[in-house]
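1. need coordinates for the following:
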Amino acid sequence: MPTEEFVMRGQTASATEEILNFGMKDGYAFRLIEFEVYPSTNVATTEFEGVAALTAAKVAEDPINPNFSNEGLIGTAACLVSASSINPATNISVINDTYLISQNLILSCRDTSGNPVNWQCKFKPVKLTDAGQANVNYRQFSVFDD
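-> This next block holds a predicted model:
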């Protein structure tokens, strides 16, 4: 498997969830290194308050009220765009770039206007030893099994 970064991106309807499928890559895990959201409609003329959360657990984290105590929450992103030229667009994200991903993730998105949310995640593959893979798989299982 190449060690180059790769991108997953798409558009998800507001207030819905989507599964990001990593499949099984023996000897590899993935590290989230970037997470962003962006409006999907009338970018220059409307207001946008979009948020998203990436969760490695059974239940998706609520992107509007994220709980940073949830070990399965590995990323949040927000984009705030004002129709006023006085207030610049604001993009913020918080990611746990130490969490090694070895299973599918749940992406949940919200836009206050109900429009779809564009999102983009960048990941980096991490080569693991057999012992490292066992540790990552056990951690994923313990987070998922909570």
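
2. low-confidence stretches in the protein?
-> When the per-residue scores of the chain are filtered using pLDDT under 70, the ranges that remain are 1-3, 43-45, 84-87, 134-146.

3. so what's the spatially most central residue of the chain bridging to?
-> What sits nearest the mean C-alpha location of the chain, by CA atoms, centre = their mean, is L54, with 3.4 Å. For L54, the beta-bridge partners under DSSP bridges are G75, L107.

4. how much space between it and S102?
-> Summarising the geometry, the distance separating L54 from S102, computed by CB to CB, to the nearest Å, is 14 Å. In short, each C-beta sits where N, CA and C put it, glycine included.

5. so what's A78 closest to, chain neighbours aside?
-> If you skip the residues right next to it in sequence, A78 has V51 as its closest partner in space, 4.6 Å away by CB to CB, 6 or more residues apart in numbering.

6. tell me who's in contact with F35.
-> A52, L54, G75, T76, A77, S93, I95, W119, Q120, C121, K122 (CB atoms under 8 Å, 6 or more residues apart in numbering).

7. taking those, please make a PyMOL selection of just the buried ones.
-> To isolate the buried subset of these in PyMOL, counting by 16 or more other CB atoms under 10 Å, use the following:
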select buried, resi 52+54+75+76+77+93+95+119+121+122
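
8. and for G23, the neighbour number?
-> The tally of other residues near G23 (other CB atoms under 10 Å) stands at 6.

9. strands of this protein, residue ranges please.
-> When secondary structure is read from DSSP state E, the chain shows strands at 6-12, 16-20, 28-39, 48-55, 73-81, 90-95, 100-101, 105-111, 117-127.
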